[in-house]
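> Here is a sequence with its predicted model. Questions after.
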Amino acid sequence: MSTTTITAAVSDAIDELRETFPDATVTVESDGDGGAWVLIDPVPLGPAYIQSTSWIAFQITFPYPEADVYPLFVRPDLDRKDGAGHGEGFGSVTWGPHEQTGTQLSRRSNRLDPTVDTAATKVLKVLRWLAQQ
Amino acid sequence: MARTAVTVPWSVVMTGEQWVTLRAHLFPGDRDEHGAVLRCGIARSPRGTRLLVRDVVVAEDGVDYIPGDRGYRKLTAGFVAENIDVCAEQGLAYLAIHNHGGTTDVDFSDTDMASHERGYPALLDINAGVPVGALVFAANAVAGDIWSGTGVRHRIAHLRVAGRPQRTLTPQPVAAALADPSYDRQTRIFGDRGQQILARSRVAVVGLGGIGSLIVEYLARLGVGELILIDPDRLDPTNLPRVVGSRRLDAMGWLRRESAPRWMRKLGERLATPKVKIAARVAHQASATTRVTSIPRSVVDADVAALLTDCDHIFLAADSALARRLVNSITHQYLVPHTQVGSKVTVVDGALADIFSVSRMSSPGSGCLQCNGLIPASRLTEEATSETQRRRQRYVNDDDVHAPSVISLNAVAAARAVDDWLMTVGALVDEDVPHDHWVSYFPRTDEVVEHAPKKRPGCLHCGPGRFATGDNLPLLAKPV
């Protein structure tokens, strides 16, 4: 097991995620390089999906907050009510330190401003994008 | 009374912008005395202790700087209290500033020293042992009396203005040693003093590929005293046309040919010469006096990164967003200027789209790669993600696909970068040049384009959260 300390910025981001999702369980595991893997469960999915909730997981890497938080992962069995495919930005992958299966959401922030944007705002933006699909 | 230390050099570093502000306040042309306070971060290293000027707070004449009871003028108690409180809160050193007449020699008066002895024990106590003291300026000289928490007083060896041109102010003129006659042709440009500046410089080169290897050769032949060379990679056969000083044997190409079995190719990769070793060989061949420290590791490792904080300049020739983030932040945190240098050939659908080389010389407090969008957030994420995870996420580039590159394009960037540095430290650039020099060369259109870097308020690298904080904040390195 790694003894590398999570950076102060990543630790602050995790605190903010706990405040942003007070009704969810936020599970954290060090990535061994100063960052962390984070899983938030549950979060709401949009009206387009058969499932109403999922977990959402992602890595906050040690260069955060200058580094983007992406990709993000949600439940592997994500299905649309209309039976259509998920389209661009979705993919089936294994992720994280325990090689879990999941649906990858590839949402880069091309104009990230690290003085404003946080891991919590990124998760909220991705959930909003998911709800609009 | 505190003891006086003579062994460990103390110095002060400020930016070119700060120097312009302070000089204009102290020497407005009225031949009178003026005052100010400098609030400073601290950087300690085996080479000495540097006080890094974070804030220049000028004292308004007649309001904050008034006729003295014992001396000619004094800072008001309120002005002192306001500034020492900020220092105590932020862990900063406190330096009271005033000026005397004269040009190249300066020292404190007996009255000055008596006031230090009356006031500084109490200020040191308020500042929880973080150093307090004073600087006195003449037009081209400065002396210092610094009180540290260990009960020792320190004179300052010099004050460095880390701008363009770079200046070094001392209490009295310091005679330059006669340069080695082999440097005759170049000392005819910048004199024995310039040669001595080079010989006393500690310069880091991060990335020893096509551009970095050229920079090392230029620096060693110029007579730079100490080089810190950092690159984790070993030579690849495709590097031979560009890495200066590399030999075919360094690449172990005969073991790595495509027809060789996989185990033999792997053996060749392991036996290939580290790029830092090739660069060190070139430096030693070019100069008998250059001291070289070769580090075949990533600059992002915290213990390697720490070596950069005590350099006089950093040349960043590594194509890595993590390295850019680290070096850029060190420039502003420790007031160590850097030059980011690179060349790029873009090919789209098999056709040449763009060719350019770039040299970005940045001074502390102004030229900032982060403010100018040159440290892409997505690349930071990818470089900080494990290769296994990137493969799962399908973000891995094919290692066998190399970026286009050519030695002559690299040489343009390397020569520009070293020349800008030489003109700056040799104080050969004009007084009114910008603090930074960012320039790109586009050989397809004959264009040379100058860029004026932008500055964004609140930037995490050059903004108040990190600027001149020195040892008070951890480096933006990979934690251990």
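Now that the structure is in, tell me what you want to look at. Numbers count the residues shown, from 1 in each chain, chains lettered A, B, ... in the order given.
> Surely B:Thr339 is within a strand?
Yes - checked against DSSP: H, G, I helix; E, B strand; the rest coil, B:Thr339 lies within a strand.
> isn't it right next to B:Gly367, touching?
No - applying C-beta atoms under 8 Å as the test, B:Thr339 and B:Gly367 come out as separate, 9.4 Å apart. From N, CA and C alone the C-beta is placed, and that goes for glycine too.
> list residues touching both of the two?
By the contact definition C-beta atoms under 8 Å, 6 or more residues apart in numbering or on different chains, B:Thr339 and B:Gly367 are jointly contacted by B:360-361.
> Neighbours of the residue in the stretch 101-250 of chain B that chain A sits nearest to, how many?
Using C-beta to the nearest C-beta, the single residue of the stretch 101-250 of chain B nearest to chain A is B:Pro232, 15.5 Å away. For B:Pro232, the count of nearby residues is 18 (other C-beta atoms under 10 Å in any protein chain shown).
> Check B:His34 too.
When neighbours are defined as other C-beta under 10 Å, B:His34 has 21 of them.
> cool, B:Ala280 as well?
Neighbours around B:Ala280, by other C-beta under 10 Å: 21.
> got a list of contacts for the helix or strand harbouring it?
Assigned by DSSP states H and E, B:Ala280 falls within helix B:275-286. Residues from elsewhere that reach helix B:275-286 (C-beta under 8 Å, 6+ apart): B:205, B:208-209, B:212-213, B:216-217, B:219-221, B:227, B:229-231, B:233-235, B:239, B:243-246, B:250, B:290, B:292, B:294-296.
> Ok, stretch A:84-97 next?
With C-beta under 8 Å, 6+ apart as the test, stretch A:84-97 has contacts from A:29, A:31, A:37, A:57, A:59, A:73, A:76, A:78, A:80, A:100-107, A:133, B:389, B:392-394.
> Now a ChimeraX select for only the buried ones of those.
Buried residues within the contacts of stretch A:84-97, by 16 or more other C-beta atoms under 10 Å in any protein chain shown, are selected in ChimeraX with:
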select /A:29,31,37,57,59,73,78,102,103,104,105,107 /B:389,392,393
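> Tell me which of the contacts of stretch A:84-97 fall in helices.
With helices taken from DSSP state H, the overlap with the contacts of stretch A:84-97 comprises B:389, B:392-393.
> nearest to B:Glu382, of the residues you listed?
Here the nearest of the ones in helices among the contacts of stretch A:84-97 to B:Glu382, counting by C-beta to C-beta, is B:Gln393; it sits at 8.8 Å.
> how near is the closest one to chain A?
6 Å (C-beta to the nearest C-beta, to the nearest Å).
> Please give me every residue in contact with the nearest residue to that residue once chain neighbours are set aside.
Nearest residue to B:Gln393, sequence neighbours excluded (C-beta to C-beta, 6 or more residues apart in numbering or on different chains): A:Pro71, at 5.8 Å. Contact analysis of A:Pro71 by C-beta under 8 Å, 6+ apart lists A:58, A:104-107, B:393.
> hey, C-alpha coordinates of the least confident helix or strand in chain A by mean pLDDT in CSV?
Lowest on mean pLDDT, DSSP states H and E among the helices and strands of chain A sits strand A:90-95, with a mean of 91. Taking Å, rounded to 0.1, in the frame of the first residue of the first chain, the C-alpha atoms of strand A:90-95 are listed here in CSV:
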residue,chain,number,x,y,z
PHE,A,90,-19.3,7.3,-23.9
GLY,A,91,-17.4,4.1,-23.8
SER,A,92,-17.3,0.8,-21.9
VAL,A,93,-14.0,0.4,-20.0
THR,A,94,-12.4,-1.0,-16.9
TRP,A,95,-11.3,1.7,-14.5
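> and that strand, which residues are buried?
Here strand A:90-95 shows A:93, A:95 as buried, counting by 16+ other C-beta under 10 Å.
> And for stretch B:341-359?
Those would be B:341-344, B:355-359, for stretch B:341-359 by 16+ other C-beta under 10 Å.
> do the same with stretch B:105-117
Going by 16+ other C-beta under 10 Å, stretch B:105-117 has these buried residues: B:106-108, B:112, B:115-116.
> I'd like those laid out as JSON lines, including secondary structure.
JSON lines is the format used below for the buried residues of stretch B:105-117 (three-state DSSP):
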{"residue": "B:Val106", "secondary structure": "coil"}
{"residue": "B:Asp107", "secondary structure": "coil"}
{"residue": "B:Phe108", "secondary structure": "coil"}
{"residue": "B:Asp112", "secondary structure": "helix"}
{"residue": "B:Ser115", "secondary structure": "helix"}
{"residue": "B:His116", "secondary structure": "helix"}
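> Pull the most distant pair out of the residues you listed.
Farthest-apart pair in the buried residues of stretch B:105-117 is B:Val106 and B:Ser115; separation 16.5 Å (C-beta to C-beta).
> Now pLDDT and secondary structure too, for the buried residues of stretch B:341-359, in JSON lines please.
Listed next are these as JSON lines, based on pLDDT from 0 to 100; DSSP: H, G, I helix; E, B strand; the rest coil:
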{"residue": "B:Val341", "pLDDT": "97", "secondary structure": "strand"}
{"residue": "B:Gly342", "pLDDT": "94", "secondary structure": "strand"}
{"residue": "B:Ser343", "pLDDT": "91", "secondary structure": "strand"}
{"residue": "B:Lys344", "pLDDT": "89", "secondary structure": "strand"}
{"residue": "B:Ile355", "pLDDT": "92", "secondary structure": "strand"}
{"residue": "B:Phe356", "pLDDT": "93", "secondary structure": "strand"}
{"residue": "B:Ser357", "pLDDT": "94", "secondary structure": "strand"}
{"residue": "B:Val358", "pLDDT": "96", "secondary structure": "strand"}
{"residue": "B:Ser359", "pLDDT": "97", "secondary structure": "strand"}
